[in-house]
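Asker: Below are the sequence and a predicted model for it; my questions follow.
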Amino acid sequence: MDDWYAKLVRRMTTPSFVIDNNACPDATVMKLLCVEATNKQGILLGFVQALADLDLVVVKANMSFDGEWFMDVLHVKDGDGNKVLDRATILKLEEGVAALSACPVPAIEPRLWRLELVGSDRPGLLSDLSAVLRDLQVDVVNAEVWTHDGSAAAVILVTAAEPVKLAALRDLLCNVLRGDGGDPVTARVALAADSAAHPARRLHQLMFSGEKYLAAAAEKYPAAPVHVAVSYCPEKDYTMVTVRSPDRPKLLFDTLCALADLGYLVFHGTVVARGGSDAWQEYYMRHEMGRGMWTAEERRRVECAVAAAIGRRVADGAAVEVRAEDRAGLLCDITRVFRENGLAIRRAQISTAAGRAVDTFHVSDLSGGHVDRNSIDVACRQIRHLGKALVRVKDGSVDPALKGPTESTGFLLGSLLRACSLHSFRPIRSYS
């Protein structure tokens, strides 16, 4: 009897998921319906997250929720702009939707730990952090690093170690984040045994800081290509948010993350991507605590938080992909090359599998501007010599096999710092 009742409840709360490749001539229509929506916001965000992880692009969406049931209709294409026809991809989506209503059971890997770091950004920060990991002999399995508006956040999956080493690791990483004269309040390092948390979702949460956006955003965000307008609809007691921005993959996911972090529930929403050039989003929502959009300060907070969430994933600069045989200290060596050549890492995605490392770095000059091709070529050449690595730049070209050793054209003290770890100095005084 108990099994029958549990199955009935699970069937009632599991969203109905339909994929239709005949309803639209140029996109796959995906419908998500649930009549007992106890966690509507989480289900919607989890579904859009699954689409983003599979590199699927939402070109149109309509969302409706009345407090008890919801129906979301999304028009989706693959990365090449075609319908979603791959059976393996569809199967992963179906499994992901079925898991949305299940009781969350953390997937704990006893040999893996998740490090979460947030603090002020500065040149050479990732190089210093990776030097600490190398010196304590902690291997990086996967990592993702974002920087935006003077802040930096990272989610790093590392191999487990004894408690004493983990405690020392946390303290040293926090010391590196503080830097020389940094604010100790903004530097935070968390250590968890749960390795199943979604990196991008956690990065949004780490970089989200309520009132932070009100201080400096008034001058920065209006000049950005993201336009956010917030108004209040007293007739229906809805807060209406309109977003106009350049279209790009994972745009819907980033926007929904911002609204969830702000504590708003989406009741109705419309998303339209206009020919791949720009996108228009409109949401009717209410705060989960019943707080209305009554003050200009609250409106500004929503506008800046949404604009910041959209801007975090946009990394200016060149994208450099490095493929090499994985080994201890590889990440430290690569980031040191960028640092010594005067390149700042704006975003990074690190992954390892089957003894191979695939790392992508978005780099700029120290002021955040574009770097010239010569600086990129010098860095690529030095990375190649680290271990016969294959290096690709964003335009798809492979750096040529240049002859002879090449000296760094970066910082004056680069050769002196090449073999030493800066984390042993307290506080950190080198920002090269």
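Answerer: Okay, I see it.
Asker: dump the residue contacts of Leu32.
Answerer: Pro15, Ser16, Phe17, Ile43, Leu44, Phe47, Phe70, Met71, Asp72, Val73, Leu74, Val97 (Cβ atoms under 8 Å, 6 or more residues apart in numbering). All C-beta atoms are positioned from the backbone trio N, CA, C, and that covers glycine.
Asker: can you pull the pLDDT of it?
Answerer: Among the per-residue scores, Leu32 shows a pLDDT of 89.
Asker: would you put the C-alpha positions of the helix or strand encompassing it in CSV?
Answerer: Leu32 belongs to strand 28-34 when assigned by DSSP states H and E. The C-alpha coordinates for strand 28-34 follow below in CSV (Å, rounded to 0.1, in the frame of the first residue of the first chain):
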residue,chain,number,x,y,z
THR,A,28,12.1,21.5,-31.5
VAL,A,29,9.2,22.3,-29.2
MET,A,30,9.6,21.1,-25.6
LYS,A,31,6.7,21.3,-23.2
LEU,A,32,7.0,21.0,-19.4
LEU,A,33,3.7,20.5,-17.5
CYS,A,34,3.0,19.8,-13.8
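Asker: Listing partners with orientation, what would you give for it?
Answerer: Applying DSSP bridges, strand 28-34 is found paired with strand 16-20 (antiparallel), strand 70-77 (antiparallel).
Asker: Type out the ChimeraX command that picks the buried ones from the contacts of Leu32.
Answerer: Buried residues among those (16 or more other Cβ atoms under 10 Å), as a ChimeraX selection:
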select :15,17,43,44,47,70,71,72,73,74,97
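Asker: So which of the strands paired with strand 28-34 is nearest Arg111?
Answerer: Among the strands paired with strand 28-34, strand 16-20 comes nearest to Arg111, with 34.0 Å by Cβ to Cβ.
Asker: mind exporting the closest one as CSV, just the C-alpha atoms?
Answerer: What follows is strand 16-20, C-alpha atoms only, in CSV (Å, rounded to 0.1, in the frame of the first residue of the first chain):
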residue,chain,number,x,y,z
SER,A,16,5.1,15.8,-17.8
PHE,A,17,7.7,16.3,-20.5
VAL,A,18,6.9,16.3,-24.3
ILE,A,19,9.3,16.8,-27.2
ASP,A,20,7.7,17.7,-30.5
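Asker: all helices of the chain, in order?
Answerer: 2-13, 40-53, 87-100, 125-135, 163-178, 199-207, 212-220, 251-262, 296-312, 330-340, 373-384, 414-417 (DSSP state H).
Asker: so can I have JSON lines of those helices showing mean pLDDT and distance to Leu112?
Answerer: What follows is the helices of the chain, written out as JSON lines (pLDDT from 0 to 100; distance: least, Cβ to Cβ, whole Å):
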{"stretch": "helix 2-13", "mean pLDDT": "59", "distance to Leu112": "30"}
{"stretch": "helix 40-53", "mean pLDDT": "89", "distance to Leu112": "19"}
{"stretch": "helix 87-100", "mean pLDDT": "88", "distance to Leu112": "20"}
{"stretch": "helix 125-135", "mean pLDDT": "93", "distance to Leu112": "14"}
{"stretch": "helix 163-178", "mean pLDDT": "86", "distance to Leu112": "12"}
{"stretch": "helix 199-207", "mean pLDDT": "92", "distance to Leu112": "13"}
{"stretch": "helix 212-220", "mean pLDDT": "49", "distance to Leu112": "31"}
{"stretch": "helix 251-262", "mean pLDDT": "94", "distance to Leu112": "24"}
{"stretch": "helix 296-312", "mean pLDDT": "89", "distance to Leu112": "25"}
{"stretch": "helix 330-340", "mean pLDDT": "94", "distance to Leu112": "16"}
{"stretch": "helix 373-384", "mean pLDDT": "91", "distance to Leu112": "27"}
{"stretch": "helix 414-417", "mean pLDDT": "34", "distance to Leu112": "31"}
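Asker: Distance to Met30 added to these, as TSV?
Answerer: Converted to TSV, the helices of the chain look like this (distance: least, Cβ to Cβ, whole Å):
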stretch	distance to Met30
helix 2-13	19
helix 40-53	8
helix 87-100	8
helix 125-135	37
helix 163-178	41
helix 199-207	20
helix 212-220	33
helix 251-262	13
helix 296-312	23
helix 330-340	37
helix 373-384	40
helix 414-417	51
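Asker: picking up where we left off before, out of the strands paired with strand 28-34, nearest to Asp139?
Answerer: Nearest to Asp139, of those and by Cβ to Cβ, is strand 70-77 at 36.7 Å.
Asker: Next one: Asp20 relative to Ile90, how far apart?
Answerer: 12 Å (Cβ to Cβ, to the nearest Å).
Asker: on that earlier part again, ok, which of the helices of the chain comes nearest Ile156?
Answerer: Nearest of the helices of the chain (Cβ to Cβ): helix 125-135, 7.9 Å.
Asker: The closest one - contacts with which helices or strands?
Answerer: Where contact means 3 or more Cβ pairs under 8 Å, 6 or more residues apart in numbering; DSSP states H and E, helix 125-135 is packed against strand 140-148, strand 151-159, helix 163-178, helix 330-340, strand 343-353.
Asker: need the ones you listed in CSV with mean neighbour count, can you?
Answerer: Formatted as CSV, these follow (neighbours: other Cβ atoms under 10 Å):
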stretch, mean neighbour count
strand 140-148, 22
strand 151-159, 22
helix 163-178, 17
helix 330-340, 24
strand 343-353, 21
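Asker: now stretch 307-318, how far from the centre of its chain.
Answerer: 10 Å (Cα atoms, centre = their mean, to the nearest Å).
Asker: And for stretch 190-197?
Answerer: With Cα atoms, centre = their mean as the basis, the mean position of stretch 190-197 lies at 16 Å from the chain mean.
Asker: before we move on, what about stretch 90-99?
Answerer: Chain-centre distance of stretch 90-99: 22 Å, with Cα atoms, centre = their mean.
Asker: Quick check: buried residues in that stretch?
Answerer: Here stretch 90-99 shows Ile90, Leu93, Gly96, Val97 as buried, counting by 16+ other Cβ under 10 Å.
Asker: Quick check: the gap between the spatially closest residue to the last one that is not a sequence neighbour and Gly46.
Answerer: Read that as Val97. Spatially, and ignoring its direct neighbours in sequence, Val97 is nearest to Phe17 (4.4 Å; Cβ to Cβ, 6 or more residues apart in numbering). Distance, Phe17 to Gly46, by Cβ to Cβ: 12 Å.
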